[in-house]
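Trainee: got a structure for you, letters missing:
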């Protein structure tokens, strides 16, 4: 059985070919590497090859090419090996940083290159959130945090934000994109619990997507704040709503009656004319306002409760649904929550994904479902990534579920088939 032993950063580039052959010819072969604590890691070639190639494919799809530089920082040998091979396997240059660098050394390196930092760990969400805050306090550009096991789709989204960070977008570029109707809308299915163990997709969340003809994919995390800062957010929201209303008519004609949820910027909660505008847009295409839901983040809803309550009440009077999004992550007052005219409470992904890892997360999800029902609200859980999670939500009688297990965000024409396939399996 062939064995390699040594420090990863000293391996030659030809290790790529060796590992490919080792994975094919010796599925049980292992990489044996020493650790600074004296222990030994054993990593199967075949497993290493599969996982690293998947990450390589993501990096390649994001534009990383031979000669590019990617830096990795890992605290154990397996993470070093996987990161090294994923990067080197596609001909890029991998710099493996020493995890024992002092904070001062890391800060000096960061000051020179201004990298964006992505934290990946198996620790719980509260620890990851604290790590991000510490990084920001130290002046680091924190890209975000991912909890292991990491979904490739989540990694890709984070890396897209980083790799496109230098793209030259400004208010004029965004305004031109709105003029040219470059903003597209993808739709993520939302399943409703119609009976025990039976979830039927009856709605979607509309998500803005921008693929610039020259700059490629631009993350919503970049262009939405840009729109908010430069007076373009209302126009962007109206364009997303217009596209979604038109798509709704297509689905209606195909026999699919789906509700559509639209995200609202905090700025629009101060615009008393906005409810009348969206009501006119819905009436022009004959859309049923009861099937249009506007999602407001918890923090945004509590920023200026007086004006927000005025705008939200006007929308509810016009029969639009209102959802408080990312519940549990903001700084809401329970008094304001019951006074505001919400119709749905969305439980944040950070709680849902941890329900089998932490008892506290299970308790929080169950309590939030109960709270929603006591307030006569519909409870919707985000971040449903497995049948196991869906079964738990069914056991606590959560009303709606949304996540990659049910369906990823997709164009409107693709969603029709995806919904029919899911619903057919539910009987």
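Mentor: All right, it came through fine. Because the structure is predicted, anything quoted here is derived from the model rather than measured.

Trainee: residues in contact with the host helix or strand of residue 416?
Mentor: Assigned by DSSP states H and E, residue 416 belongs to helix 412-425. Here helix 412-425 makes contact (Cβ atoms under 8 Å, 6 or more residues apart in numbering) with 185, 187, 189, 191, 200-201, 204, 247, 250-251, 254, 256, 258, 406-407, 410. Every C-beta, even on glycine, is put in place using the N, C-alpha and C of the backbone.

Trainee: in those residues, find the pair that's most separated.
Mentor: Farthest apart among the contacts of helix 412-425 by Cβ to Cβ are 185 and 200. That separation is 22.5 Å.

Trainee: more neighbours, those two?
Mentor: residue 185 (22 against 15; other Cβ atoms under 10 Å).

Trainee: where does pLDDT dip in the stretch 1-150 of the chain?
Mentor: 1-116, 122, 125-126, 137-141, 148-150 (pLDDT under 70).

Trainee: OK, contacts around residue 359?
Mentor: Contacts of residue 359 (Cβ under 8 Å, 6+ apart): none.

Trainee: can you give the domain ranges for this protein?
Mentor: With automatic domain parsing as the criterion, the domains of the chain are listed as 3-163, 171-425.

Trainee: next, the buried residues of the helix holding residue 416.
Mentor: The neighbour-count check on helix 412-425 (16 or more other Cβ atoms under 10 Å) flags 412, 415, 416, 418, 419, 422, 423 as buried.

Trainee: same check on stretch 363-382?
Mentor: Going by 16+ other Cβ under 10 Å, stretch 363-382 has these buried residues: 364-366, 368-369, 371-373, 377-382.

Trainee: what is the burial count for the residue lying closest to residue 249 once chain neighbours are set aside?
Mentor: Spatial nearest neighbour of residue 249, chain neighbours left out: residue 285 (6.1 Å); criterion: Cβ to Cβ, 6 or more residues apart in numbering. Using other Cβ under 10 Å, residue 285 has 11 other residues around it.

Trainee: quick one on the thing from earlier: now, the buried residues of stretch 363-382 that are in strands?
Mentor: Judged by DSSP state E, strands contain the following of those: 378, 379, 380, 381.

Trainee: and these as TSV, adding pLDDT and distance to residue 276?
Mentor: Converted to TSV, those look like this (pLDDT from 0 to 100; distance: Cβ to Cβ, whole Å):
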residue	pLDDT	distance to residue 276
378	96	26
379	96	30
380	96	27
381	95	33
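
Trainee: next SSE after the top strand by length along the chain?
Mentor: When the chain is parsed with DSSP E, its longest strand is strand 198-212. Downstream of strand 198-212, the next assigned helix or strand under DSSP H and E is strand 216-218.

Trainee: by contact count, what packs against that following strand?
Mentor: strand 198-212 (3 or more Cβ pairs under 8 Å, 6 or more residues apart in numbering; DSSP states H and E).

Trainee: so the strand it packs on versus helix 412-425, what angle?
Mentor: Put simply, strand 198-212 runs at 160 degrees to helix 412-425, going by axes from the mean of the first three to the mean of the last three Cα atoms, to 10 degrees.

Trainee: list the buried residues for strand 198-212?
Mentor: Buried residues in strand 198-212 (16+ other Cβ under 10 Å): 199, 201, 202, 203, 204, 205, 206, 207, 208, 209, 210, 212.

Trainee: wait, the residue nearest to residue 249 sits on residue 246?
Mentor: Yes - counting by Cβ atoms under 8 Å, residue 285 touches residue 246, with 7.0 Å between them.

Trainee: before we move on, the earlier item: closest to residue 266 out of the buried residues of helix 412-425?
Mentor: Closest to residue 266, out of all of the buried residues of helix 412-425 and judged by Cβ to Cβ, is residue 412, at 27.2 Å.

Trainee: quick check: that closest one vs residue 325, distance?
Mentor: Distance, residue 412 to residue 325, using Cβ to Cβ, to the nearest Å: 22 Å.

Trainee: next one: residue 358
Mentor: 22 Å.

Trainee: just residue 182 next, same as before
Mentor: For residue 182, the distance to residue 325 - Cβ to Cβ - is 25 Å.

Trainee: kindly report the same for residue 199.
Mentor: For residue 199 relative to residue 325 (Cβ to Cβ), the value is 20 Å.

Trainee: now stretch 339-353: buried residues?
Mentor: In stretch 339-353, counting by 16+ other Cβ under 10 Å, buried: 340, 342-353.

Trainee: number of nearby residues for residue 386?
Mentor: By other Cβ under 10 Å, neighbour count at residue 386 equals 13.

Trainee: please report the distance of it from residue 404.
Mentor: 9 Å.

Trainee: and what of residue 272?
Mentor: 37 Å.

Trainee: higher neighbour count, the two?
Mentor: Each of residue 272 and residue 404 has its neighbours counted (other Cβ under 10 Å); residue 404 has more, 15 against 11.

Trainee: element containing the nearest residue to the more buried one once chain neighbours are set aside, please.
Mentor: Nearest residue to residue 404, sequence neighbours excluded (Cβ to Cβ, 6+ apart): residue 385, at 5.5 Å. Element membership for residue 385 (DSSP H and E) is empty, with no helix or strand holding it.

Trainee: likewise for residue 247?
Mentor: Counting by DSSP H and E, residue 247 is part of helix 233-253.

Trainee: from the contact counts, what lies against that helix?
Mentor: Using 3+ Cβ pairs under 8 Å, 6+ apart: helix 233-253 touches helix 171-179, strand 183-195, strand 198-212, helix 220-229, strand 259-263, helix 274-284, helix 412-425.
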